[in-house]
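A.B. asks: I'd like to go over a predicted model; first the sequence, then the structure.
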Amino acid sequence: MNTRPIRFVHRGQVVQIDGAAPLRTVLDWLREDARCTGTKEGCGEGDCGACTVIVAELADGVAASDAPASRATVVGGLSLRPVNACMRFLPTLDGKALLTVEDVAAIGGRCGDRLHPAQQALVDHHGSQCGFCTPGFVMTLVHSYERHQEAGTLPTRQQLADDLAGNLCRCTGYRPILEAGQRMFDLPAVRLDTAAISARLTALQTDPPLAYAAANPAAGGRIDHFHAPRSLDEFAALREQHPQARLLAGATDIALWVNKQFRDLGTLLYVGEVAELRRIDVADGILRIGAAAPLEDAWSALARHWPALDEVWRRFAGPLVRHAGTLGGNIANGSPIGDCPPILMALQASLVLRKGAATRTLRLDEFYVDYMKNRLAPGEFLQAVLVPLPRPAQRLRAYKLSKRYDCDISALCAGLSVDVHGGVVTSACFAYGGMAGVVKRAAGAEAAVTGQPWVEATVRAAMTAIDSDYSPLTDLRASSDYRRQTARNLLRRFWMETRDETPLPAAAATVWARDASAV
């Protein structure tokens, strides 16, 4: 396959990169090569948001989605996503546009020497303290500004807090930052001028799919390859041809291997350019989510059909991670504390696995073999997730327990579902993350409720059965005793919310779920 340079739009012009290592991050390129040092490095692992940038691509190049509530912003034919530059590899910008804090003051060429409303509001309301994190906050606020201006709405304080969940201020001054976010809409409106960017991106569409090769200094100058096919068939063929190659999606895990562990990844196959793998749609009673669909879009679609998942969606990492990471990546990663698998198991999701031209379907609860091990064969990959749409008798809840309310890894995550007919449980699916070496269902607890009336005595029996379903570990996030107790209590919480008589209000459930050990 013929190789070519990486080409993307930066500062209004097409930039051509040849010779940079495939694992060079956008952050390093900005600061060291482009000399755009407004974007800061705080943590190097996607926790602080100091390196926030906006990646734009043509909206007609993004697969149609069943996720209208997604926080992705479409403006003038461009799809805008805020992401962490520290976890984005340079070749993934090919065919896209990169917007940084250096672009903001003159956004669209309409501000002249004036600051963008997000910047001016931060000045006026003292939202910048030490200032190190401020560029990241600016970029997130600019994205929120464009989204709400496009929709013709004003954000609530909670909506702004949700948007800013991936940006940390170590000076602890969130109040003035949130005030700035609200007040930026009071200033004279300016909008991103998308015409010039769209024209350049349209011209880049004539480039062939990216096949890039460059020396890797960390591997003694070895030539590493990066492939970004655009069709599903081409991707499947490359995967079968290179079964040992590393699959790259959002890099929200893989980038940490590089930044923190200095791991050598070798050949990379990038899923982000395959439109079929990003598609989300509904057919024949099934919600089908492509494996490369961003987590933000995937969770938006899930919450649209199951409103009970809204809070877990907002608490899954932060927007910057959700816009980059993918549903398939979170599943295939196999972390025992991943937040997607327990909820998807409770929804009885299945996986479409593909090798070459052949596909097979496997239930998600059969996918994991052991810690970080799954049933993917060499050369096989996850193509899509199939989720049956809600059933009339289905009662579903999801809970996430963590030390921080926003943007934190779970100590325990639970997806709990029962079908109740005539007061009797006809089927149950209780799945927990953080309770074993893999995410798995609580078979004993499920058996204890199936065929029984949905009453407190039944739930008490299931709570007792959970002790035989799991033997959780003690680690930095929680003790084994805490996990056992909260797993039992979350099951009781679930019954309290979904019982037929005097169910617990959702508002009380939200407060309670922050400290499940209290019940």
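C.D. replies: Received it, and whenever you're ready, just let me know what you need.

A.B. asks: Would you map the helices across the stretch 1-150 of the chain?
C.D. replies: Under the criterion DSSP state H, counting those that start in this stretch, helices of the stretch 1-150 of the chain are mapped to 26-28, 101-104, 117-124, 134-151.

A.B. asks: which residues sit in contact with R477?
C.D. replies: R477 makes contacts with I337, S402, K403, I409, S410, A411, G434, as judged by C-beta atoms under 8 Å, 6 or more residues apart in numbering. For glycine as for every other residue, the C-beta is placed from the backbone atoms N, C-alpha and C.

A.B. asks: Please look at the fifth one and K400 and confirm they touch.
C.D. replies: Yes - at 5.3 Å, S410 counts as touching K400 under the criterion of C-beta atoms under 8 Å.

A.B. asks: Quick check: neighbours shared by these two?
C.D. replies: D339.

A.B. asks: Would you reformat the helices of the stretch 1-150 of the chain as a markdown table and include distance to P307?
C.D. replies: A markdown table is the format used below for the helices of the stretch 1-150 of the chain (distance: least, C-beta to C-beta, whole Å):
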| stretch | distance to P307 |
| --- | --- |
| helix 26-28 | 35 |
| helix 101-104 | 35 |
| helix 117-124 | 31 |
| helix 134-151 | 20 |
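
A.B. asks: any chance of those helices in a markdown table, with mean pLDDT and distance to R11 too?
C.D. replies: Formatted as a markdown table, those follow (pLDDT from 0 to 100; distance: least, C-beta to C-beta, whole Å):
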| stretch | mean pLDDT | distance to R11 |
| --- | --- | --- |
| helix 26-28 | 98 | 14 |
| helix 101-104 | 94 | 7 |
| helix 117-124 | 95 | 18 |
| helix 134-151 | 96 | 15 |
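
A.B. asks: Next, format those as JSON lines and append mean neighbour count and distance to Q383.
C.D. replies: Shown next, in JSON lines, are the helices of the stretch 1-150 of the chain (neighbours: other C-beta atoms under 10 Å; distance: least, C-beta to C-beta, whole Å):
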{"stretch": "helix 26-28", "mean neighbour count": "23", "distance to Q383": "28"}
{"stretch": "helix 101-104", "mean neighbour count": "22", "distance to Q383": "36"}
{"stretch": "helix 117-124", "mean neighbour count": "22", "distance to Q383": "39"}
{"stretch": "helix 134-151", "mean neighbour count": "23", "distance to Q383": "30"}
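
A.B. asks: looking at these, which is closest to P294?
C.D. replies: P294 lies closest to helix 134-151 among these, at 14.0 Å (C-beta to C-beta).

A.B. asks: Name the SS class of S427, please.
C.D. replies: With DSSP: H, G, I helix; E, B strand; the rest coil as the basis, S427 sits in strand.

A.B. asks: got the contact list for the closest residue to it other than its chain neighbours?
C.D. replies: Nearest residue to S427, sequence neighbours excluded (C-beta to C-beta, 6 or more residues apart in numbering): D419, at 4.6 Å. For D419, the contact set (C-beta under 8 Å, 6+ apart) comprises R391, A393, Q394, R395, V425, T426, S427, A428.

A.B. asks: Tell me the buried residues within those.
C.D. replies: Q394, R395, V425, S427, A428 (16 or more other C-beta atoms under 10 Å).

A.B. asks: pLDDT added to these, as TSV?
C.D. replies: Listed next are those as TSV, based on pLDDT from 0 to 100:
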residue	pLDDT
Q394	97
R395	98
V425	98
S427	98
A428	98
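
A.B. asks: out of the residues you listed, who's nearest Q383?
C.D. replies: For the buried ones among the contacts of D419, the minimum distance to Q383 (C-beta to C-beta) is 25.9 Å, reached by Q394.

A.B. asks: quick one, phi/psi of the closest one?
C.D. replies: The phi/psi pair for Q394 (degrees, to the nearest 10) reads phi -80, psi 140.

A.B. asks: What spatial separation is found between it and I331?
C.D. replies: Noted for Q394: a distance of 21 Å to I331, by C-beta to C-beta, to the nearest Å.

A.B. asks: Kindly report the same for D224.
C.D. replies: D224 is 26 Å from I331, where distance means C-beta to C-beta.

A.B. asks: higher neighbour count, these two?
C.D. replies: I331 (23 against 19; other C-beta atoms under 10 Å).

A.B. asks: Give me the pLDDT for that one.
C.D. replies: If you check I331, the pLDDT there is 97.

A.B. asks: wait, doesn't it sit right on L382?
C.D. replies: Yes - the pair I331 / L382 is scored as a contact, 6.5 Å apart, by C-beta under 8 Å.

A.B. asks: so what sits against both of those two?
C.D. replies: With C-beta under 8 Å, 6+ apart, I331 and L382 have common neighbours A291, L351.

A.B. asks: Work out which residue lies at the spatial centre of this protein.
C.D. replies: R322 (2.3 Å; C-alpha atoms, centre = their mean).

A.B. asks: Cross-check the contact I'm expecting between it and A293.
C.D. replies: No - contact criterion C-beta under 8 Å: R322 and A293 do not qualify, at 10.9 Å.

A.B. asks: which stretches of the stretch 251-400 of the chain form helices?
C.D. replies: Under DSSP H, counting those that start in this stretch, the stretch 251-400 of the chain gives helices at 254-261, 275-278, 295-305, 310-315, 319-324, 327-333, 340-346.

A.B. asks: mind giving me JSON lines with those and columns for distance to N2?
C.D. replies: Shown next, in JSON lines, are the helices of the stretch 251-400 of the chain (distance: least, C-beta to C-beta, whole Å):
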{"stretch": "helix 254-261", "distance to N2": "26"}
{"stretch": "helix 275-278", "distance to N2": "22"}
{"stretch": "helix 295-305", "distance to N2": "32"}
{"stretch": "helix 310-315", "distance to N2": "42"}
{"stretch": "helix 319-324", "distance to N2": "29"}
{"stretch": "helix 327-333", "distance to N2": "28"}
{"stretch": "helix 340-346", "distance to N2": "37"}
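
A.B. asks: related to what we said a few turns ago, which residues touch the residue nearest to the centre of the chain?
C.D. replies: P294, L295, E296, W299, F316 are the contacts of R322 under C-beta under 8 Å, 6+ apart.

A.B. asks: top of those by neighbour count?
C.D. replies: Sorting the contacts of R322 by how many neighbours each has (other C-beta under 10 Å) puts P294 first, at 30 neighbours.

A.B. asks: Which strand residues bridge that one?
C.D. replies: For P294, the beta-bridge partners are T326 (DSSP bridges).

A.B. asks: Okay, domains of this protein per the record?
C.D. replies: Domains of the chain are assigned by automatic domain parsing as 6-204, 395-518.

A.B. asks: Could I get those domains in a markdown table, plus columns for distance to E273?
C.D. replies: Shown next, in a markdown table, are these (distance: least, C-beta to C-beta, whole Å):
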| stretch | distance to E273 |
| --- | --- |
| domain 6-204 | 8 |
| domain 395-518 | 28 |
